[in-house]
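# all I have is the shape, not the residue letters:
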Ligand SMILES: Nc1ncnc2c1ncn2[C@@H]1O[C@H](COP(=O)(O)OP(=O)(O)OP(=O)(O)O)[C@@H](O)[C@H]1O
């Protein structure tokens, strides 16, 4: 459904993403992993429109989206969260969600977000501002805000960052719920490798901007090049 074809992005002559290609199927959870600086966040920025590739194409179904501005891509069904949270700090949790929801048409399934609020444990903090929330609550609010756009592709940049083991397990269960409740592809970046491997149907591994391997979690973790470049470093 989402197709990344030979995409390159350079900064000052250095390729952060170099000739990357991979496909994301509808309804799959697709893990994007790799060492620090591998180009994962740059890839998400290229898909969501915060960056434009120097070359290559990005297609959502048969539509080229790589030259569209971020708002147009959001309307086309691409939603994301940010590594460093970007919530409206002076608005309540409720308003943060409503602002996102105001972008969707009248025909949208209204109960989706209401169910997510309960499921993600935000019902009791709806009138508070994000700054008064725990870090885990803020991260969950970001996901609900992205979900409020009724995305076809939901990209989560480090959703488990700063979470303890119990919260990460809860996040895993919430993603399973989300996937059953709302048909969309999820692209998942996280440094908690155990979490990404457990949650993902397919894994793409990047290294120094390039594709290192792509496939089922068990095949990718058995791949010698992946072990050498990434898993063997002890860094995850
Ligand atoms: N706006 C920018 N200007 C210059 N260089 C950049 C910019 N954004 C990213 N880079 C460089 O591109 C490379 C890839 O960075 P990116 O943040 O995409 O990697 P990453 O895999 O997400 O890393 P991490 O796991 O540490 O978040 C790095 O060398 C980074 O320094």
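Nice, I can see it. These figures come from a predicted structure and were not determined experimentally.
# contacts and neighbour counts: CA atoms only from here.
OK.
# and the contacts of the helix ranked longest in the chain?
Using DSSP state H to assign secondary structure, the helix with the most residues in the chain is helix 165-181. Helix 165-181 is contacted from outside by 27, 112, 116, 119-120, 136, 160, 195, 199, using CA atoms under 8 Å, 6 or more residues apart in numbering.
# equivalent analysis for stretch 205-217, please.
15-22, 32-35, 37-40, 197, 200-204, 220, 223, 225-226, 229-230.
# top of the contacts of helix 165-181 by neighbour count?
residue 160 (25 neighbours; other CA atoms under 10 Å).
# ok, back up a step: among the contacts of stretch 205-217, which are located in helices?
Among these, the members falling in helices (DSSP H) are 40, 197, 220, 225-226, 229.
# how about the secondary structure of residue 43?
What DSSP: H, G, I helix; E, B strand; the rest coil gives for residue 43 is helix.
# stretch 88-105: end-to-end distance?
22 Å (CA to CA, to the nearest Å).
# now that stretch: mean pLDDT?
Mean pLDDT, stretch 88-105: 88.
# show me what counts as buried in that stretch.
Neighbour-count burial for stretch 88-105 flags 91-97, 100-101, 104 (criterion: 16 or more other CA atoms under 10 Å).
# just the ones in helices among the contacts of stretch 205-217 now: which is nearest the ligand?
For these, the residue nearest the ligand by CA to the nearest ligand atom is residue 40; the value is 3.8 Å.
# now do the contacts for the closest one.
32-34, 189, 206, 209.
# can you list the weak-confidence ranges in this protein?
The model of the chain has pLDDT under 70 over residues 84-85, 233-236.
# got the residues of the chain near the ligand?
With CA under 6 Å from any ligand atom as the criterion, the chain comes near the ligand at residues 11, 16, 35-42.
# ChimeraX command for the buried members of the residues you listed?
The ChimeraX selection below is limited to those of the residues of the chain next to the ligand classed as buried (16+ other CA under 10 Å):
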select :16,35,38,39,40,41,42
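# widest-spaced pair of the residues of the chain next to the ligand?
11 and 35 (18.6 Å; CA to CA).
# one step back: in JSON lines: the residues of the chain next to the ligand, plus distance to residue 215.
Output for the residues of the chain next to the ligand, formatted as JSON lines (distance: CA to CA, whole Å):
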{"residue": "11", "distance to residue 215": "29"}
{"residue": "16", "distance to residue 215": "22"}
{"residue": "35", "distance to residue 215": "18"}
{"residue": "36", "distance to residue 215": "21"}
{"residue": "37", "distance to residue 215": "21"}
{"residue": "38", "distance to residue 215": "18"}
{"residue": "39", "distance to residue 215": "18"}
{"residue": "40", "distance to residue 215": "17"}
{"residue": "41", "distance to residue 215": "20"}
{"residue": "42", "distance to residue 215": "21"}
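# ok so, going back, what about burial for the contacts of stretch 205-217, which qualify?
15-21, 32-35, 38-40, 197, 200-204, 220, 226, 229-230.
# in strands, which of those residues appear?
Those of the buried ones among the contacts of stretch 205-217 mapping onto strands are 15-21, 32-33, 202-204, per DSSP state E.
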